[in-house]
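[1] structure for this input, please:
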Amino acid sequence: MKPPPQPSAMDVLHEAGIHAAVALQAGPPWLEHFWLFLTSHLDPNAIYTVCFPLARGLDERVSVMVLWVALVAEWLNVVFKWFLFGERPYWWVHESGLSSREQLPLRQFPATCETGPGSPSGHCMILGAALWPIVTALSQGVSRYSQSRLLRLSPFLVYVLLLVAMGLSRIFVLAHFPHQVIAGSLAGMALGWGLQRRPPNFLRYRFFLGAALGLLLGATALHGLATAAGLDLDWSLLRASARCSDPSWLRPETRPWASLCRVSGSALGLALAALHPLSRRAAEELRGLEPPLGSAALGLLALDMLHKLPTSDRTALWYLNVGARYTLGPVLVGSLLPQLILSLRRLRATP
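    Now for the predicted structure:
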């Protein structure tokens, strides 16, 4: 009689992650609400619609850097997921047969049913990369008023704690294993640090236009080459559909191609915004407005209204709609709204 096959190292890692999720889901109800709030409200979409306009309260270049780092991180995350073939806990626990061997009190949530592969965590990678310019700017701002090293490092401490909490929330909802959130967090931190050291010329619209085309065409070429080589990069869609406990939780915005539309649309929006930049005098006038977060608040409101507009149910039109919204976002926040604020202020000041 042959002995049972020994589990692989990845199976052991996955099983340990499942038990970590069981422990997290057994926590108090108030902590459950916190995990669900965090994973739902700080998803990659929030970087484009919340963090980007809020960063204008710090500095225009910081806000553009946040968006640039975010879209590069999201593109790389999609490529990593395609070729790393990472499992997700909510389907692996069934596909591996672990759920039939053990009684596991696991629950799924509306944020659980991500449709793309699982490694590395996009929530952690994109958040870790995009927040790095904000944290650096805050730390530099603190250093102007205090020589305390602890105060200067406090923004980075909050940043690390936020990434840890985000990783735990992704494990809690069965969207990722622990090693996937660790990999995503480390990749995001490294990417944010590296890209900030070599910022692009924010006034060169040709750079962002080339980035928009290059990112979309590059991903399309990689997908086509992999398919021609016999690799099924869309394998996770079937598993997600089969193992999600509620079909309405399968959201199209979690698909890799939705991410690519978001990325290329945002890069195109940066190119269009760079076509009509604020003059130096207008930028100084805008920085003198009170309160300084006025344009950021208006940008938040405009992007919230933009992304609440109805969308088409047809697949092609839905993807086109996503690309158009994320193209318009940087134009609104970076060009149209600041010009509107300055025009209204000048009209008010005119006798």
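[2] tell me which residue lies nearest the centroid of this structure.
    In the chain, the C-alpha closest to the average C-alpha coordinate belongs to Pro44, at a distance of 2.2 Å (CA atoms, centre = their mean).
[3] now the helices for the stretch 101-250 of the chain?
    Counting by DSSP state H, counting those that start in this stretch, the segments of the stretch 101-250 of the chain that form helices are 122-145, 149-172, 178-197, 205-228, 235-243.
[4] show me the shaky parts of the stretch 101-250 of the chain.
    Across the stretch 101-250 of the chain, the ranges flagged by pLDDT under 70 are 202-203.
[5] ok, now with 90
    Along the stretch 101-250 of the chain, the parts satisfying pLDDT under 90 run over 102-103, 141-150, 196-206.
[6] now the helices of the stretch 101-250 of the chain in a markdown table, with mean neighbour count and distance to Ala21?
    Every C-beta, even on glycine, is put in place using the N, C-alpha and C of the backbone. Formatted as a markdown table, the helices of the stretch 101-250 of the chain follow (neighbours: other CB atoms under 10 Å; distance: least, CB to CB, whole Å):
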| stretch | mean neighbour count | distance to Ala21 |
| --- | --- | --- |
| helix 122-145 | 22 | 15 |
| helix 149-172 | 18 | 5 |
| helix 178-197 | 20 | 9 |
| helix 205-228 | 16 | 30 |
| helix 235-243 | 16 | 14 |
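[7] can you redo those helices as TSV with distance to Gly323?
    Below are the helices of the stretch 101-250 of the chain laid out as TSV (distance: least, CB to CB, whole Å):
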stretch	distance to Gly323
helix 122-145	18
helix 149-172	26
helix 178-197	23
helix 205-228	9
helix 235-243	20
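[8] next up, the contacts around Ser96.
    Under the criterion of CB atoms under 8 Å, 6 or more residues apart in numbering, the contact partners of Ser96 comprise Asp11, His14, Glu15.
[9] can you say which of those are buried?
    Among those, those scoring as buried are His14, Glu15 (criterion: 16 or more other CB atoms under 10 Å).
[10] rewinding a little: correct me if wrong: the residue nearest to the centre of the chain contacts Ile126.
    Yes: using CB atoms under 8 Å, Pro44 makes contact with Ile126 at a distance of 4.5 Å.
[11] overlap in contacts of these two?
    Ala70, Glu74.
[12] what separation is there between the residue nearest to Glu114 when sequence neighbours are not counted and Gly128?
    Spatially, and ignoring its direct neighbours in sequence, Glu114 is nearest to Thr254 (4.6 Å; CB to CB, 6 or more residues apart in numbering). Remark: distance between Thr254 and Gly128 (CB to CB, to the nearest Å) = 19 Å.
[13] measure stretch 230-241 end to end?
    Stretch 230-241 has an end-to-end distance of 22 Å (CA to CA, to the nearest Å).
[14] what lies in contact with it?
    Contacts with stretch 230-241, where a contact means CB under 8 Å, 6+ apart, come from 82-83, 85, 88, 91, 95, 113-118, 223, 226-227, 247, 250, 255-256.
[15] and with 7 Å instead?
    Contact partners of stretch 230-241, identified using CB atoms under 7 Å, 6 or more residues apart in numbering, comprise Trp82, Trp91, Glu95, Cys113, Thr115, Gly116, Pro117, His223, Ala226, Thr227, Leu250.
[16] distance to Trp75 added to those residues, as JSON lines?
    JSON lines is the format used below for those (distance: CB to CB, whole Å):
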{"residue": "Trp82", "distance to Trp75": "11"}
{"residue": "Trp91", "distance to Trp75": "25"}
{"residue": "Glu95", "distance to Trp75": "28"}
{"residue": "Cys113", "distance to Trp75": "23"}
{"residue": "Thr115", "distance to Trp75": "18"}
{"residue": "Gly116", "distance to Trp75": "13"}
{"residue": "Pro117", "distance to Trp75": "15"}
{"residue": "His223", "distance to Trp75": "13"}
{"residue": "Ala226", "distance to Trp75": "16"}
{"residue": "Thr227", "distance to Trp75": "19"}
{"residue": "Leu250", "distance to Trp75": "23"}
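[17] state the mean pLDDT of stretch 28-38.
    Per-residue pLDDT over stretch 28-38 has a mean of 95.
[18] pull the CA atoms of stretch 318-331 into PDB?
    Output of stretch 318-331 as PDB, limited to C-alpha atoms (Å, rounded to 0.1, in the frame of the first residue of the first chain):
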ATOM      1  CA  TRP A 318     -18.500  48.900 -19.700                       C
ATOM      2  CA  TYR A 319     -14.700  48.800 -20.300                       C
ATOM      3  CA  LEU A 320     -14.900  51.900 -22.500                       C
ATOM      4  CA  ASN A 321     -16.800  53.700 -19.700                       C
ATOM      5  CA  VAL A 322     -14.200  52.800 -17.100                       C
ATOM      6  CA  GLY A 323     -11.400  54.100 -19.300                       C
ATOM      7  CA  ALA A 324     -13.300  57.300 -20.000                       C
ATOM      8  CA  ARG A 325     -14.000  58.000 -16.300                       C
ATOM      9  CA  TYR A 326     -10.400  57.500 -15.200                       C
ATOM     10  CA  THR A 327      -9.200  59.700 -18.100                       C
ATOM     11  CA  LEU A 328     -11.500  62.500 -17.100                       C
ATOM     12  CA  GLY A 329     -10.500  62.300 -13.400                       C
ATOM     13  CA  PRO A 330      -7.000  63.700 -13.700                       C
ATOM     14  CA  VAL A 331      -8.200  66.400 -16.100                       C
END
